[in-house]
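Participant: Starting from these lines, generate the structure:
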Amino acid sequence: MGVLRDKTPEGGALQMSENGTIRDALEALEIPLEIAQTFTVNGQLSRDQSLVLSDSDELTVLPPVGGG
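Facilitator: Take a look at the predicted model:
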């Protein structure tokens, strides 16, 4: 989404180890942890980077928002 779109893995799927967390996914995608603060997992809003992801979970990383 937005400035993070180029971080989407080819085919839209990321292979992770069992019990992988949102933090693990961010690190694998080389998304700095400090700019990724809000996510949705299967459409549910989350801010918990330690949340364990399941095999078929859909993770969306919401980019930081700026405005004036």
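
Participant: Tell me which helix or strand in this protein has the weakest average pLDDT.
Facilitator: In the chain, the helix or strand scored least confidently by mean pLDDT, DSSP states H and E is strand 59-62, which has a mean of 89.

Participant: How about residues contacting stretch 20-31?
Facilitator: Outside of stretch 20-31, the residues that reach it under the criterion CB atoms under 8 Å, 6 or more residues apart in numbering are 4, 7, 9, 14, 16-17, 32-33, 36, 39, 41, 46, 48-53, 59, 61. (Each C-beta comes from the backbone N, C-alpha and C, glycine too.)

Participant: residues of it that come out buried?
Facilitator: By neighbour count, and taking 16 or more other CB atoms under 10 Å as the criterion, the buried residues in stretch 20-31 are 20, 22, 24-26, 29.

Participant: Of all pairs in these, which one is the farthest apart?
Facilitator: Using CB to CB, the two most remote members of those are G20 and L29, lying 11.8 Å apart.

Participant: Run through the bridge partners of the spatially most central residue of the chain.
Facilitator: For the chain, the residue nearest the mean C-alpha position is V61 (4.2 Å; CA atoms, centre = their mean). Assessed by DSSP bridges, V61 has beta-bridge partners F39.

Participant: Quick check, it in contact with L4.
Facilitator: Yes - contact criterion CB atoms under 8 Å: V61 and L4 qualify, at 5.5 Å.
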